[in-house]
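Novice: sequence and predicted model, in that order:
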Amino acid sequence: MFDQLVKRAVKFEQAAHKLLSMHEGAASRVVDARQSLARVTALSIKQEDMVKQAVRCIEVEVFRAAHVLAFAAFIDYLHELAGRDDFVALNAARDKWNIASVEDIRERFSDHNFIEGLEAAKLITKAEKKAFQGLLTRRNECAHPSDFYPDMNQSLGYVSEALSRIEALKSRYP
């Protein structure tokens, strides 16, 4: 009897979130972000944790921090992508780089330069480079003093876009 009651309560909660998530600004939309996270299989444990923290930031209305954490997970994924061939493609595209580890990238290159290097190495397209730099620009607006104050919808969209970009790369680089 108790088990049936719990099952019915869970179904009710799921139905309520589904219905409420259609309304702009409803906190139930965060549930959709959690479900989006579940479909991304390309993330490492560290990256998944950062995205979960970004979603938690949205829940508590710390939207700028959500952008920063989502981008941190995204750029970490790109670092791992570049390292999947021991940085051969990246080093070949940029003669003076001589990257041996992800730490080299993090210590020596800005995110902007790194993204440019990914395009030069033909790991991403020109359109992807522009999109990734757009994500970086919005992250910078949130990480540094600015007049940009994203709302829940912008933050959910940002997290969703970062996850979609990772999914697209994962399909190309399994």
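Specialist: Okay, I see it.
Novice: which residues touch Ala121?
Specialist: Ala82, Ala89, Leu90, Ala92, Ala93, Arg94 (C-beta atoms under 8 Å, 6 or more residues apart in numbering). Heads up, the C-betas are built off the backbone N, CA and C, glycines and all.
Novice: please redo it, this time with the cut-off set to 10 Å
Specialist: Applying C-beta atoms under 10 Å, 6 or more residues apart in numbering, we find Ala121 in contact with Ala82, Asp85, Phe87, Val88, Ala89, Leu90, Asn91, Ala92, Ala93, Arg94, Trp97.
Novice: likewise Asp49?
Specialist: Applying C-beta under 10 Å, 6+ apart, one finds that Asp49 lies in contact with Leu43, Leu69, Ala73.
Novice: out of these, the closest to Arg139 would be?
Specialist: Arg139 lies nearest to Leu69 out of the contacts of Asp49, by C-beta to C-beta, at 9.5 Å.
Novice: thought the closest one was touching Lys52?
Specialist: Yes. Counting by C-beta atoms under 10 Å, Leu69 touches Lys52, with 8.9 Å between them.
Novice: more neighbours: those two, which one.
Specialist: Leu69 (25 against 16; other C-beta atoms under 10 Å).
Novice: how much space separates Leu90 from Asp151?
Specialist: Using C-beta to C-beta, to the nearest Å, one obtains 37 Å as the distance from Leu90 to Asp151.
Novice: comparing those two, which residue is more hemmed in?
Specialist: Leu90 (23 against 13).
Novice: how about JSON lines for the contacts of Ala121, with pLDDT added?
Specialist: Formatted as JSON lines, the contacts of Ala121 follow (pLDDT from 0 to 100):
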{"residue": "Ala82", "pLDDT": "95"}
{"residue": "Asp85", "pLDDT": "92"}
{"residue": "Phe87", "pLDDT": "95"}
{"residue": "Val88", "pLDDT": "95"}
{"residue": "Ala89", "pLDDT": "95"}
{"residue": "Leu90", "pLDDT": "94"}
{"residue": "Asn91", "pLDDT": "95"}
{"residue": "Ala92", "pLDDT": "95"}
{"residue": "Ala93", "pLDDT": "95"}
{"residue": "Arg94", "pLDDT": "93"}
{"residue": "Trp97", "pLDDT": "93"}
